[in-house]
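> Sequence and predicted structure are below.
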Amino acid sequence: MQITAPMRDDGRIIIHFDYDCFYAAVFEREDPKLKSLPLAVQQKQIIVTCNYEARRRGLYKLQLVREARKRCPDVIIVLGEDLTRFRNASKDNYNFLRSYTWSNKVERLGFDEVFMDVTDVIDYNVGLLNYNDLVTSFFHLDRNDPTIGFHCDASRVFGRTFPKHLESCETAAVSITNTSCNDFEDLLLRLRLGSHLAEHLRHQLEEQKGYTSTVGISTNKLLSKLVGNVNKPKNQTTLLPPYSSPQGGAASNVTNFIDDHDIGKIPGIGFKMAHKIRNYVLGRPAAFDAGLVYGPTKENVKVRDVRTLDGMGPELLGRLLAGPGVPKDLGEKVWGLINGVDVTQVAKAKAVPQQISIEDSYIKLDEVSQAKKELGMLARSLVKRMRMDLTSPIEDDNLGRDLEEDDEDQVQTGSAVTSLRWMAHPKTLRLSTRPRLALNPDGTRSRTFNRISKSTNMPTFVFGFTQGVDVIADKMVEETLLPLFHKLHPEKSGWNLSLVNLCATNMSPTASDAKDGAGRDIGRMFKKQDDMLREWKVEDVDIAPSDEDENDQQKGINGLDAGKTVVGQEHTLALTSVGSEDLLDFTQETLQEDVAWDSDDDTQNLGESCRICGAVMPSYAMLAHERFHDLPD
DNA sequence: GTGTGGTAG
DNA sequence: CGTTCTACCACAC
């Protein structure tokens, strides 16, 4: 049975960014002295990432803190459990990159990766090239201003490539026909331009934002992401043509590139699917069952082994992977992936996230009183995040000026911001827990569930601005979260939770945002968040550093949080960083401006609050505001 | 609409 | 493997 590869469409140019050891880079940027030192970022008992100086000394991602200290006693370890600074830096970088696109096709993946679809920018520049002098080309970044851009040598690729050297169209033996040779030349030219744009963006990102990155350039998300990994850090790699070959021959660089990847390394093929595929390829009986003992017994299955297996194709893959809950067209999708085909679009920038979730993990959490306290902490974080990420300022039109035109001082004092409005309402509040898997007396283990959850309507009072975060959070605990918690855990005791998660989801855009969809307000939103962060007076707190890890672990529910006190009403967020107090200057950005919703005193002067969403605004604005709620979703 | 599970970093 | 703290999607019910 001969199964043909899925058809290629290489009309796009996609750039994938991956900021180098991002969490560590955020701290390094705050304190450049850290750059030359081994630096690791800790969450609970693990090192979530570390800089290259630390990696040189044998440290690595997801290493246990104890192990890391043993291996490198002088490592500087900073706490990274509060994600605010990472989230903010991530959005700032994202927003910066977004400003270079024309299509707004810019998608974040986690905090440290960004895809950009720059097809339109590339095609525009292809049209303006002088083919008689590619060496001294000018790359245009603005369709309306021909002076904006940079010089580049469009006769060659910038940076590294896969494979390392380009074959000519003829030697690559793409085809005997002229059309394929033209395809080769056309794709090569667009990739070259993509590589120069990528270099420019990397350079600007480093100069203006202080982050180095590793970048891949190709024609879809899959390939650009994978090819970036070939040269890291601080580098870029372009996947060279030819991308297709006449009869599935050996000429395709896509096939040559992707074939050498372990099947589990392909984005979209996770642990479970890789396991199923490996089992089949290795032959059902033999390879399995030694599975629980891990170590060097791991058998490698490459994409090549899967792709070239007799009878392999979308149908077989579909049967292999079938099961309850698996998408119907998974076979097609995976067959595409192992052939380097990925038709998924780079998503356009969105004004609001689909969901906001907050979670914390615990060594021991087995009493209702503890649970209630933790729910309070989580609820406070959630309400703050909702206000930060789901609201945007409403200006007082009578002042006759636009927020964007105000200078920084005015924005910081909040004088131009009279109130906030919700860009979207999460309709659902979900509480999830992960019980510790306890062995029953008879040796059987209760179900292998990871998380269990209960959800309910988001109470409307969380959308009000007249009450403070703490008041709303406490109310949420009493009226909503504790009932949910008792549904999940009816017993007074006998449970022990390793994780608690709160999620605001089922996002419903506010009418004005539903109309223009992807984010006209995005720039303003980010601006506002920067301002909001200044609300937090961040200062060191006088707590003895705990140098024993087991100390932290045994504190259980309080754990590391003991050194990180949040004093809500005073807006004081005190941080300690274990083992590195003197190296970090958290107080640099201390500012104490209030924003409109911060205090009841402020808001009471502003007018009335909307009966539907609680937004506070002058009376004259209320009529217009309430009309938004009447529009269909 | 509710709950679970898989994917990603 | 899972450790962390998320975010998104799709399915079964």
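Yes, it's here.
> Which positions in the stretch 1-150 of chain A make contact with DNA strand C?
Contacts of the stretch 1-150 of chain A with DNA strand C, taken as Cβ under 7 Å from any atom of the strand, map to A:Gln43, A:Lys44, A:Gln45, A:Ile46, A:Val48, A:Leu62, A:Leu64, A:Glu81, A:Leu83, A:Gly110. In this view, the C-beta of every residue, glycine as well, is placed from N, C-alpha and C.
> Not including adjacent chain positions, what is the nearest residue to the second one?
When you say that, I think you mean A:Lys44. Nearest in space to A:Lys44, with sequence neighbours left out and distances taken as Cβ to Cβ, 6 or more residues apart in numbering, is A:Ser361 at 6.3 Å.
> what do you get for the first one?
Once its chain neighbours are removed from consideration, A:Gln43 has its nearest residue in A:Glu81; the separation is 5.0 Å (Cβ to Cβ, 6+ apart).
> Could you list the residues of the stretch 1-150 of chain A in contact with DNA strand B?
Proximity of the stretch 1-150 of chain A to DNA strand B, by Cβ under 7 Å from any atom of the strand, involves residues A:Leu109, A:Gly110, A:Phe111, A:Asp112, A:Glu113.
> Can you tell me which of these are buried?
By neighbour count, with 16 or more other Cβ atoms under 10 Å, those hold A:Phe111, A:Asp112, A:Glu113 as buried.
> Could you tell me which of those residues belong to strands?
Mapping these onto strands (DSSP state E) picks out A:Glu113.
> circling back to that earlier point, adding secondary structure and pLDDT, write the residues of the stretch 1-150 of chain A next to DNA strand C out as CSV.
Listed next are these as CSV, based on DSSP: H, G, I helix; E, B strand; the rest coil; pLDDT from 0 to 100:
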residue, secondary structure, pLDDT
A:Gln43, strand, 90
A:Lys44, coil, 88
A:Gln45, coil, 87
A:Ile46, strand, 89
A:Val48, strand, 91
A:Leu62, coil, 87
A:Leu64, strand, 91
A:Glu81, coil, 87
A:Leu83, coil, 89
A:Gly110, coil, 90
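> Please parse chain A into its domains.
Annotated domains of chain A cover A:14-20+A:83-258, A:263-338, A:356-535+A:593-630 [automatic domain parsing].
> any idea which of these is most buried?
The highest average neighbour count among the domains of chain A, using mean count of other Cβ atoms under 10 Å, belongs to domain A:14-20+A:83-258 at a mean of 19.
> roughly how far out does that domain sit from the chain middle?
Remark: domain A:14-20+A:83-258 is offset 21 Å from the chain centroid, using Cα atoms, centre = their mean, to the nearest Å.
> From one end of it to the other, what's the distance?
End-to-end distance of domain A:14-20+A:83-258: 17 Å, with Cα to Cα, to the nearest Å as the criterion.
> Likewise for stretch A:362-376?
Chord length of stretch A:362-376, first to last residue, is 15 Å (Cα to Cα).
> Direction included, what does the helix or strand hosting A:Ser455 pair against?
Using DSSP states H and E, A:Ser455 falls within strand A:452-457. Taking DSSP bridges as the criterion, strand A:452-457 sits next to strand A:424-435 (antiparallel) in its sheet.
> for the record, mean pLDDT for the helix or strand where A:Leu317 lies?
Assigned by DSSP H and E, A:Leu317 belongs to helix A:314-321. Across helix A:314-321, pLDDT averages out at 91.
> One more: stretch A:208-222?
Mean pLDDT, computed over stretch A:208-222, is 96.
> same deal with stretch A:90-99?
94.
> Closest to DNA strand C out of the buried ones among the residues of the stretch 1-150 of chain A next to DNA strand B?
For those, the closest approach to DNA strand C (Cβ to the nearest atom of the strand) belongs to A:Phe111, at 8.5 Å.
> Not including adjacent chain positions, what is the nearest residue to A:Arg56?
Of all residues not flanking A:Arg56 in the chain, A:Pro38 sits nearest, at 7.7 Å (Cβ to Cβ, 6+ apart).
> Residues of chain A that sit close to DNA strand C?
Counting by Cβ under 7 Å from any atom of the strand, the residues of chain A that sit close to DNA strand C are A:43-46, A:48, A:62, A:64, A:81, A:83, A:110, A:271, A:294, A:324-328, A:347, A:350, A:353-361, A:381, A:498-499, A:501.
> for the residue of the stretch 501-633 of chain A found nearest DNA strand B, what are its contacts?
Taking Cβ to the nearest atom of the strand, DNA strand B has its nearest neighbour within the stretch 501-633 of chain A at A:Asn506, 6.2 Å off. By Cβ atoms under 8 Å, 6 or more residues apart in numbering, the contact set of A:Asn506 is A:Gln355, A:Pro426, A:Lys427, A:Thr428.
> Mind checking the pLDDT average for the helix or strand containing it?
Under the criterion of DSSP H and E, A:Asn506 resides in strand A:497-509. For strand A:497-509, mean pLDDT rounds to 94.
> orientation of it relative to strand A:452-457 in degrees?
With axes from the mean of the first three to the mean of the last three Cα atoms, to 10 degrees applied, the angle from strand A:497-509 to strand A:452-457 works out at 30 degrees.
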